[in-house]
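In: Predicted model follows, preceded by the sequence.
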Amino acid sequence: NAGVMQNPRHLVRRRGQEARLRCSPMKGHSHVYWYRQLPEEGLKFMVYLQKENIIDESGMPKERFSAEFPKEGPSILRIQQVVRGDSAAYFCASSEGSNEQFFGPGTRLTVL
Amino acid sequence: GENVEQHPSTLSVQEGDSAVIKCTYSDSASNYFPWYKQELGKRPQLIIDIRSNVGEKKDQRIAVTLNKTAKHFSLHITETQPEDSAVYFCAATPKAGTASKLTFGTGTRLQVTL
């Protein structure tokens, strides 16, 4: 029973490039959440998706960031034209529709 | 929106002693409060949670208490062990029983010394 999967685990990008982070929820879970964690800080909510729908994107920056959760395949968090301030750990969590959220191992993005 | 404050930011205890971490929240509609443990470089792991219809919940050495009137909840770890050393996050959400975003506290770094 695999848990939440994220890849890549580490991603290095130069300023101006695009970053794509993938998240596969636990089996049976159709709700996905993305959180960002800056070094030595807490987790900040970004976006909540349910298959093919964005439910809550109140934590997403207005520009350069987008997320999707297609009918088939993983959820994708996309960051265009990355800047150094985007360097962080990005965690995905999933749930089956209840409150309990289970986290993936995270993707650590470094922008050079 | 919801705001969750967490104290202390760091906590050092001797092995065998108890540790208490406190959180306050601002949204009186919040009614689900989980606690996560995050070891260095690892994912946050749910260790215990409580819903607003309960004042206290215990699971072996870990307990959580909730005071809805005062809008605060606490994590209690008894008989601490070195493997309890980690960063602990509290969180809150206004929708108990249904999927919704979590608002996290800023974390407490717990160090259990021998």
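Out: Thanks, I have it.
In: Can you tell me, leaving aside adjacent residues, what's nearest to the residue most central in space within chain A?
Out: The centre of chain A sits closest to residue A:34, judged by Cα atoms, centre = their mean, with a distance of 3.9 Å. Of all residues not flanking residue A:34 in the chain, residue A:46 sits nearest, at 4.4 Å (Cβ to Cβ, 6 or more residues apart in numbering or on different chains). C-beta: built from backbone N, CA, C; applies to glycine.
In: Now for the residue nearest to the centre of chain A: which residues touch it?
Out: Residue A:34 makes contact with A:23, A:45-48, A:67, A:75, A:77, A:90-92, according to Cβ atoms under 8 Å, 6 or more residues apart in numbering or on different chains.
In: now do 6 Å
Out: A:46-47, A:77, A:92 (Cβ atoms under 6 Å, 6 or more residues apart in numbering or on different chains).
In: Next: residue B:25.
Out: For residue B:25, the contact set (Cβ under 6 Å, 6+ apart) comprises B:4, B:71, B:92.
In: Excluding chain neighbours, give the residue nearest to it in space.
Out: Here the residue nearest residue B:25, using Cβ to Cβ, 6+ apart, is residue B:92, at 4.6 Å.
In: same question, residue B:47
Out: Using Cβ to Cβ, 6+ apart, the closest residue to residue B:47 is residue B:37 (4.9 Å).
In: Identify the bridge partners of the one you found.
Out: Counting by DSSP bridges, residue B:37 is bridged to residue B:45, residue B:88.
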